[in-house]
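J.: return atomic coordinates for the entry below.
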Amino acid sequence: MNIDRLFVQGDLNAALEGQAHRLDEEIDKAPEEHLLQVDDDQWIAALVARYAVEAPELRRDDWWIDPPEDVRVDVSGDWNRAILEPNKPVYVPGHRVRVHTPFSGEKDVFKSRPSTWTTTFPIASVRDGELVQTIEYPADAPRDVRAEAEGLLTLVERYLGWARADIETFNGSLEQRARTAIQRRRERVRHNYDRLAKTGIPIRRPEDAPKTNIANVIVRRPSPVIPLSSSSQPIALEPALANATFEHILEIIRPVRSRWNAVPRPTPAWARKTVARYS
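T.: Next up is the predicted model:
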């Protein structure tokens, strides 16, 4: 368990300003449609509820204590003991108890220093929803646990009172800050639209732009369906198409046949022998 001095890890007002800056960023990043159409009062109420800070409130009536643990306690700083070497730790049997005090609100407030503070800071550990004070003492020198616990809580509550004053001021400024940020963003958007309108070019969002029409002459037609037939049933041509095809083939064959007949060819030997036998 980490035991630290509370209210020393930064400036509370600086942390609150960081929270307000996040509110400004949400407004700046909101879509334009939302910005131009939203009901201001409803949006501002939602923003204030989201970014307001709840100061912690101790619930002292609900505090409780752990059973004591047996531990070794360093008594080197106890001047009432006869210690030969005070610069070295001297351990004796003792006890450790932890006092738990629940709280409501945001635990990060315990980290930051409010605008009002003293040089004495409370020492405890902060868990989710509870403040834990650890008290150790020698077995032969018991301490008043209740008095010490009450003393710590009184000091914590004093700091929380100072922090609460800073937080209330911050929370009270959120509504006006949100309204101003919305108005400024809306003015920037409208001013930009007005400036673009002066160019004379129509403003049109991509989803509102007309679709490009493709001329019918360049639309690709589907391929014709070829009729199927078995190998024993060839595709029958129309008579006119059949005659035209036959005449076309003859026109191709006639000149080839004429050239073939005009070419001299030698008589084969078997033909010459046959002619000589019967001549």
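J.: quick one: buried residues of the longest strand belonging to the chain?
T.: When the chain is parsed with DSSP state E, its longest strand is strand 91-104. Neighbour counts over strand 91-104 (16 or more other Cβ atoms under 10 Å) mark 94, 95, 97, 98, 99, 100, 101, 102, 103 as buried. (C-beta placed from N, C-alpha, C; glycine too.)
J.: show me what the lengthiest helix in the chain is packed against.
T.: Ranked by number of residues, the top helix in the chain under DSSP state H is helix 145-197. When contacts are defined as 3 or more Cβ pairs under 8 Å, 6 or more residues apart in numbering; DSSP states H and E, helix 145-197 packs onto helix 12-29, helix 32-37, helix 40-51, strand 57-58, strand 91-104, strand 123-127, strand 130-138.
J.: switch the cut-off to 7 Å
T.: In terms of contacts (3 or more Cβ pairs under 7 Å, 6 or more residues apart in numbering; DSSP states H and E), helix 145-197 is packed against helix 12-29, helix 32-37, helix 40-51, strand 57-58, strand 91-104, strand 130-138.
J.: looking at those, which is nearest to residue 115?
T.: For residue 115, the closest of the helices and strands packed on helix 145-197 is helix 12-29, at 6.0 Å, according to Cβ to Cβ.
J.: contacts made by that closest one with the rest, please.
T.: When contacts are defined by Cβ atoms under 7 Å, 6 or more residues apart in numbering, helix 12-29 is touched by residues 47, 51, 53, 112-115, 163, 166, 170, 174, 177-178, 181-182, 185.
J.: restricted to buried residues, select these in ChimeraX.
T.: The ChimeraX selection below is limited to those of those classed as buried (16+ other Cβ under 10 Å):
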select :47,51,53,112,113,114,163,166,170,174,177,178,181,182,185
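J.: how close does residue 168 get to residue 111?
T.: Distance, residue 168 to residue 111, by Cβ to Cβ, to the nearest Å: 19 Å.
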